[in-house]
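here is the input, now give the coordinates:
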Amino acid sequence: MVIFLLNTFIVSTLLNSGKDFPIKMLKDIKNIFIRIIKKTISFDPELIKVISLFYENGRDDGILHYINFRFCQFIYKVCHPFASKKNNLGYYFFKNKNLSLALSDIGKHMKDNIENERKQKKKRKKINEYVKLTNYSFVTIPPHQQQLYFDYIPNTLLKKLNFSLEKSGLFAECSKIMNTNFTVSQTRAWLFFTSNNKNNVPIQKHYDMLPPGTLKIMYYQGRFTEDLPALTLHPINSNPVKIVGDDPILIFNSCAIEHEAPFPERIRPTIEITLTPSVKNSYEVIQAGYMAGNKYNPFLKSTSVISIMIAK
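Have a look, this model is predicted:
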């Protein structure tokens, strides 16, 4: 269709222009092509985001992730032609006893090893940023001063989490939001400490800047109330949603839903599992390191090589 329109336009221009027709023709072709492209991508906000990112920062990884996302959606729809259930809210509260226990064990491990983790971080001296796997970008935003991150969760706990994720049925709920299968691309675990300092700022309202089709699984250990929730979601055209209850597990589209978190009443273990689109589900929990961002290329595998950024 695009080629037909362009050919028609070229013929029309040649027949109705004067001696300056080549320059005018090229300008008109450019303008009509831009209009067609704009009209095409206007129906897909995810495509607009990745194209904007490319033109603003020269980053092409967003385009690769977009292609992967749409391809995985296509495969999912072919394999599930009669899947009619769809979660249009962009979030879901998930409950599963075994998954809660696996996440709780990691939370307990963190609380039992606070001093040891702090000692390990001091040994790194000038090394303030590192990534444990290849094909991952570096996060440039420094960690919150009231949060202590654990980059090395014992394998026994991770294996238990792998098993629980697979058996829980959580990925099926994720598929209802994005119409695709998923793989775990990153896992972060940290302790969020209380603060009595009025100058300290909690986690303010923000959107995440993650690849198309990305979802987050959040686990908050503790008891949370309307007055002091674990997290507050701010869906578009909807009232705020407070994450409350005992040890809640939340699935949500953190790129589409603005969110914020207050300081906790007491030390709060938090576990964040990032899911990205995949042709088939993969439950292996990956820890790429706290300072690891997104994969550069979703079609390439990662290997265990620590990359380091040295503080000047």
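
what segments of the stretch 101-250 of the chain are strands?
In the stretch 101-250 of the chain, the segments counted as strands under DSSP state E, counting those that start in this stretch are 127-133, 136-138, 147-149, 181-192, 203-206, 215-220, 223-224, 231-234, 241-243, 245-246, 249-252.

deepest of those strands, which one?
Between the strands of the stretch 101-250 of the chain, strand 215-220 has the highest mean count of neighbours, a mean of 24, where neighbours are mean count of other C-beta atoms under 10 Å. C-beta coordinates here come from the backbone N, C-alpha and C atoms, glycine included.

partners of that one in the sheet?
Using DSSP bridges, the neighbouring strands of strand 215-220 in the sheet come out as strand 249-252 (antiparallel), strand 268-278 (antiparallel).

can I get the shortest one as PDB, trimmed to CA atoms?
Translated: strand 249-252. As requested, C-alpha coordinates have been extracted for strand 249-252 and formatted as PDB (Å, rounded to 0.1, in the frame of the first residue of the first chain):
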ATOM      1  CA  ILE A 249       2.800 -10.400  46.400                       C
ATOM      2  CA  LEU A 250       2.100  -7.900  43.600                       C
ATOM      3  CA  ILE A 251       2.300  -8.300  39.800                       C
ATOM      4  CA  PHE A 252       2.200  -5.000  37.900                       C
END
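
out of the strands paired with strand 215-220, which is closest to residue 260?
Taking C-beta to C-beta as the measure, the strands paired with strand 215-220 were each checked against residue 260, and strand 249-252 came out nearest at 12.9 Å.

how about residues contacting the closest one?
With contact meaning C-beta atoms under 8 Å, 6 or more residues apart in numbering, strand 249-252 is reached by 90-96, 99-100, 103, 170, 173-174, 177, 215-220, 231, 233, 243, 259.

make it 10 Å
Contacts of strand 249-252 with the rest of the structure, by C-beta atoms under 10 Å, 6 or more residues apart in numbering, involve 87, 89-96, 99-100, 103, 168, 170-171, 173-174, 176-177, 208, 215-220, 230-231, 233, 235, 241, 243, 259, 271, 273, 275.

just stretch 100-110 next, same as before
Counting by C-beta under 10 Å, 6+ apart, 94, 96, 117, 148-150, 153-154, 156-165, 168, 187, 189-191, 217, 219-222, 246-249, 267-271, 273, 285 sit against stretch 100-110.

send me that stretch as CSV with only the CA atoms.
The C-alpha trace of stretch 100-110 is given here as CSV (Å, rounded to 0.1, in the frame of the first residue of the first chain):
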residue,chain,number,x,y,z
SER,A,100,5.3,-16.9,49.9
LEU,A,101,7.4,-19.3,52.0
ALA,A,102,10.2,-19.3,49.4
LEU,A,103,10.2,-15.5,49.3
SER,A,104,10.0,-15.3,53.1
ASP,A,105,13.1,-17.4,53.5
ILE,A,106,15.1,-15.0,51.4
GLY,A,107,13.7,-12.1,53.5
LYS,A,108,14.8,-13.9,56.7
HIS,A,109,18.3,-14.5,55.1
MET,A,110,18.7,-10.8,54.5
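
going forward can the numbers begin at 35, since that is how I track them
All right, first residue 35 from here; so that's stretch 134-144.

buried residues in it?
Neighbour-count burial for stretch 134-144 flags 134, 136-137, 139-141, 143-144 (criterion: 16 or more other C-beta atoms under 10 Å).

ok, these vs residue 167, which is closest?
Distances from residue 167 to the buried residues of stretch 134-144, taken by C-beta to C-beta, are shortest for residue 140, at 19.5 Å.

break the protein down into its structural domains.
As recorded under automatic domain parsing, the domains making up the chain are 36-77, 125-344.
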